[in-house]
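S.K.: Quick check, what structure comes out for this input:
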Amino acid sequence: MRIAPGAFLLAALTTMGCGNRGDGVDVVDNGTAVVALSQAPSDVSCVQVTVEGTRTVTRSFDVQPGSSTEFFLSGLPTGQVDFTGNAFQGGCSTLSSSSVPTWVGDPVSAYVVHSPPSSVTLQLRRNGRVNVTADFVDCGNGVVESPDETCDDGNLTSGDGCSFRCQVEPGFTCTGQPSVCTGACADVDRDGFGDAVCGGGDCDDGDARIFPGAPDPCGDTIDQDCDGVDLACPCQDVDRDGFGELACGGGDCDDNNAQRFPGAPEVCGDNVDQDCDGQDAVCACFDNDQDGFTSSTCGGADCNDTNASINPARPELCDGLDNDCDAVIDDGNPGGGASCSTGQLGVCSLGVTQCSNGAVVCVATNQPSPEVCDGRDNNCNGTVDEGNPGGGSACNTGRPGVCAAGTTACVGGALSCVQNIPAGPEQCGDALDNDCDGLVNEGC
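M.R.: Got it, this is the predicted structure:
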C-alpha cells in the first residue's frame, strides 16, 4: 500500500479474502481484520473503528502520538457493512458519548463474505480536507501486485517465509506467484532459533525460554538449553554425615538421618538399613527364653522370645497377648461360653462369659422387656409379674349361674379366670342361679 508523504492512514486489512463482487463493492472476509495506523498526528491518542451492518462492532485502541502501530478487529458482521474511523486527542479510557473526534473518517462500504483476500482503507478528514492518499494492494491473493509486496503466498499467515503483510521474512527466499518460500526454519516462539526438526536447533519452538544456550536451572526436569539433558544439581549432604543423597549418586540412602550412610554400624533385626547396603542385617538365632522355640526375627517361630509362656505350643489365653504365636490375639474366645451371673435383677442376671479386651466378662443374654405373666421378672426391676400383666379382661369361669362371669388375673405366673360374684343363697323371683348349682329359683 503506497502512502503519500506526511499522510495519516488508517487501514483495515482482513486476514483472508480479496477481490470485488463485480459491481465495484469491496469484498472483506468474515474474520479478524488487522488495523494498521501509520504516522499518527501529535493530537491523536485514541482511534475508534466502527463496523455497521447486521450488527455494530465498535473497538477503541490507544496509540502513541506520532507513532505507527497495528491492532486486531475481530467479529465482523456478514453482508453489506460500513467502516468508519474516528481519532481522538485524549486516551480511550476518557471516551464518552459526548467526546468530539479530532479526526473524522468517511464511511467505506464493503461486503463481508468468505472469499479471496482484500483490504479496506478508511480516510480521516480534518477541517474538511482529506489528509490521506492510498491505493489498494491485495496482500494474500497469491499475486505480487506492487513494490510494496515482496512476496505473496496466498495467505496472511506469518512464520512461513512470507509475512501477513506480504514481506519476505528474515532467512527466507520467496519466488513465484503464489510465492514459494524456502530457507530458514520457522521461529514460532521468536527466540532466535528455528525448530530442531528442520535443523534450527530449538528443541521446543513453542516456548521462548527454551533454545540452545538458554539458562538451564538444575533439577527441574526441563532441558532449557537444548543439550539433550536437564542440568543435574550438585549433591547435598543434608544430614552432614559425609555422604550425599543417593538420588544424585552420593550413596546416602537416608540423607535426613546421620546414623545411616555407607559403612555405618548395622543393627541386626531392627528393619533399618543403617549401612545402606539395601538390606537389614539378620541376627543370629537364639532361644532366649528357653521355651524350645527360637525368635521369629531370625526365622524361628517364637513371636516373643523373652517370655517362655508365649510360643506356638501354648494355648491361647484371654490376656490381650498372642500366646500361641498365630498372629491373632485372643482368637477362639478363650475362657468364653460359660454360664454366668451378670449381677443384675430378674432375667437380666443370666449371662455367658466372653473374652473382651484381654479379660473374661459376663455378657447378659437377656435385655429388659415389658413384664408378662410368666412368673419371671421380665423388666429386671426386682418384682415378678407386677401390674397384673395380661389381666383385667372379661372371661368365663366354666361354672353355672352367677359364678360363670369372671375377669382374667395373673396368678402364680399364669393367667386365671376369677369369678366376679361368689355363690350365695337362692333368691326367689330374680330368675338367676344364685347358688351356682345349675337350677334357677329352686325351692321357691
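S.K.: which residues sit in contact with Gly269?
M.R.: For Gly269, the contacting residues are 280-283, 297-298, by Cβ atoms under 8 Å, 6 or more residues apart in numbering. C-beta coordinates here come from the backbone N, C-alpha and C atoms, glycine included.
S.K.: my bad, should have said Asn257
M.R.: Contacts of Asn257 (Cβ under 8 Å, 6+ apart): Asp239.
S.K.: change it to 10 Å
M.R.: 238-239, 241, 264, 272, 274 (Cβ atoms under 10 Å, 6 or more residues apart in numbering).
S.K.: same question, Pro212
M.R.: Here Pro212 is in contact with 191-193, 196, 200-203, 224-227 (criterion: Cβ under 10 Å, 6+ apart).
S.K.: is it true that Asp322 touches Asn304?
M.R.: Yes - using Cβ atoms under 10 Å, Asp322 is in contact with Asn304, at 7.8 Å.
S.K.: overlap in contacts of those two?
M.R.: Common neighbours of Asp322 and Asn304, using Cβ under 10 Å, 6+ apart, are Ile310.
S.K.: returning to that earlier point: show me which pair in the contacts of Asn257 is furthest apart.
M.R.: Maximum pairwise distance among these (Cβ to Cβ): 18.1 Å, between Val238 and Val272.
S.K.: Phe164 contacts Cys151, doesn't it?
M.R.: No - using Cβ under 10 Å, Phe164 makes no contact with Cys151, being 11.2 Å away.
S.K.: These two: which has the busier surroundings?
M.R.: Between Phe164 and Cys151, Cys151 has the larger neighbour count (other Cβ atoms under 10 Å), namely 24 against 17.
S.K.: if I look at the more buried one, how far off is Gly159?
M.R.: According to Cβ to Cβ, to the nearest Å, Cys151 stands 13 Å off from Gly159.
S.K.: joint contacts of those two?
M.R.: 169, 172.
S.K.: re earlier: now, of the contacts of Asn257, which are buried?
M.R.: 239, 241, 264, 274 (16 or more other Cβ atoms under 10 Å).
S.K.: Point out the ones among those that are inside helices.
M.R.: Within the buried ones among the contacts of Asn257, no residue falls in helices by DSSP state H.
S.K.: Could you dump these into a markdown table with pLDDT added?
M.R.: Formatted as a markdown table, those follow (pLDDT from 0 to 100):
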| residue | pLDDT |
| --- | --- |
| Asp239 | 89 |
| Asp241 | 89 |
| Ala264 | 94 |
| Gln274 | 94 |
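S.K.: ok now stretch 273-289, how far from the chain's centre?
M.R.: The chain centroid and the centroid of stretch 273-289 are separated by 45 Å under Cα atoms, centre = their mean, to the nearest Å.
S.K.: Could you number the chain from 839 rather than 1 from now on?
M.R.: With 839 as the first residue, the last one maps to stretch 1111-1127.
S.K.: That one: which residues count as buried?
M.R.: Applying a neighbour-count criterion of 16+ other Cβ under 10 Å, one finds 1111-1114, 1118, 1127 buried in stretch 1111-1127.
S.K.: hmm, which two among those residues are most spread apart?
M.R.: Cys1114 and Asp1127 (33.3 Å).
S.K.: still on that earlier bit, adding distance to Gly928 and pLDDT, write the contacts of Gly1107 out as a markdown table.
M.R.: Formatted as a markdown table, the contacts of Gly1107 follow (distance: Cβ to Cβ, whole Å; pLDDT from 0 to 100):
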| residue | distance to Gly928 | pLDDT |
| --- | --- | --- |
| Asp1118 | 79 | 89 |
| Ala1119 | 83 | 85 |
| Val1120 | 86 | 79 |
| Cys1121 | 88 | 79 |
| Thr1135 | 86 | 81 |
| Cys1136 | 90 | 81 |
